[in-house]
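1. Need coordinates for the following:
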Amino acid sequence: MAELKNYDTVQHDETKEIKEIIYGKIYYMAGGTFLHVDIITNIGLEFNIYFRNKNIKCKAYTEGLKVFLDKKRKDEYVLPDVSIICDRSKRTKQGTKAIPELIVEVISDSSRRDDKITKLNFYENSGIKEYWIVEPELKSIEQYILVNGRYEPPKMLVLLNENELNNLSDERKASYTTIIKPTMFEDLEIDLKDIFPQEE
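-> Below you'll find the predicted structure:
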């Protein structure tokens, strides 16, 4: 990594660790909440069970893997909450230079703007085929799919509670689903009920 004095700082807080360097700016961030980590773990588990059962040479990596996407700024990286990596030939001691098939970011109050604007644009420009933005409190996922180099308007999936579901019209109930399907793994179906912790 280049010396940090060469970079602009965003959200500077000496009590927080360096998380990412994007477009010449350093982003500091605190660790996630239990809910945040629980959702990340559940998503990674769903993908990895599928890969193992189908004998697919891909893997879901959760927090901590440095992903180097910018070929011009070789010392810049992101640390996605979940990265689906199928090209293992580009592993390095620091992380990976492979382009993930899919990236997931779980939003927190401090990361909302970065995940929905900065990273959305960065992942689109980097050729990430699919990008999920997860809202823990809303129990929702925005699914962005790359078409001709640009993300299409996202498909929104929401896990409704029983009261919310009962308030839907018959037409909306008929089309309502809690199943999200990654486009690059056509037979993989993930139920939002298995992603978001259920109230006890």
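
2. Select the longest helix from this protein.
-> Looking across the chain with DSSP state H, the single longest helix is helix 34-54.

3. With only the CA atoms kept, save the helix or strand following it in PDB.
-> Helices and strands here follow DSSP states H and E; after helix 34-54, the next one along the chain is strand 59-62. Extracted C-alpha coordinates of strand 59-62, given in PDB (Å, rounded to 0.1, in the frame of the first residue of the first chain):
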ATOM      1  CA  LYS A  59     -16.400 -19.600  -2.900                       C
ATOM      2  CA  ALA A  60     -18.200 -16.900  -0.900                       C
ATOM      3  CA  TYR A  61     -15.700 -14.900   1.100                       C
ATOM      4  CA  THR A  62     -17.000 -12.800   3.900                       C
END
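
4. who's in contact with whatever helix or strand comes next after strand 59-62?
-> Downstream of strand 59-62, the next assigned helix or strand under DSSP H and E is strand 66-67. If you take Cβ atoms under 8 Å, 6 or more residues apart in numbering as the criterion, strand 66-67 is touched by Tyr77, Val78, Leu79, Pro80, Ser83, Gln94, Gly95, Thr96, Ala98, Pro100, Ile103. To be clear about C-beta, it is placed using only N, CA and C from the backbone, and glycine gets the same treatment.

5. again, 7 Å this time
-> Tyr77, Val78, Leu79, Pro80, Ser83, Gln94, Gly95, Thr96, Pro100 (Cβ atoms under 7 Å, 6 or more residues apart in numbering).

6. Now for Lys97: which residues touch it?
-> The neighbourhood of Lys97, defined by Cβ under 7 Å, 6+ apart, consists of Phe68, Lys90.

7. Please identify the buried residues of the strand ranked longest in the chain?
-> The longest strand of the chain (DSSP state E) is strand 140-147. Buried residues in strand 140-147, counting neighbours by 16 or more other Cβ atoms under 10 Å, are found at Ser140, Ile141, Glu142, Gln143, Tyr144, Ile145, Leu146.

8. Select from the contacts of strand 66-67 the entry with the lowest predicted confidence.
-> In terms of pLDDT, the lowest of the contacts of strand 66-67 is Gln94, showing 85.

9. And the nearest residue to it once chain neighbours are set aside, how far from Ile43?
-> The shortest distance from Gln94 to any non-neighbouring residue, by Cβ to Cβ, 6 or more residues apart in numbering, is to Lys66 (5.4 Å). Separation of Lys66 from Ile43 (Cβ to Cβ, to the nearest Å): 19 Å.

10. From the chain's centroid, how far away is stretch 181-197?
-> Offset of stretch 181-197 from its chain centre (Cα atoms, centre = their mean, to the nearest Å): 13 Å.

11. How about stretch 154-162?
-> 17 Å.

12. what's the answer for stretch 160-172, then?
-> How far stretch 160-172 lies from its chain's middle: 28 Å, per Cα atoms, centre = their mean.

13. and if you look at stretch 90-105?
-> Here the centre of stretch 90-105 is set off from its chain's centre by 12 Å, with Cα atoms, centre = their mean.

14. Start the count at 37 instead of 1 going forward.
-> Yep, numbering from 37; the last one is stretch 126-141 now.

15. got the buried residues of strand 176-183 as a markdown table, with distance to Leu204 and pLDDT columns?
-> Shown next, in a markdown table, are these (distance: Cβ to Cβ, whole Å; pLDDT from 0 to 100):
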| residue | distance to Leu204 | pLDDT |
| --- | --- | --- |
| Ser176 | 15 | 97 |
| Ile177 | 18 | 98 |
| Glu178 | 20 | 98 |
| Gln179 | 20 | 98 |
| Tyr180 | 25 | 98 |
| Ile181 | 25 | 98 |
| Leu182 | 31 | 98 |
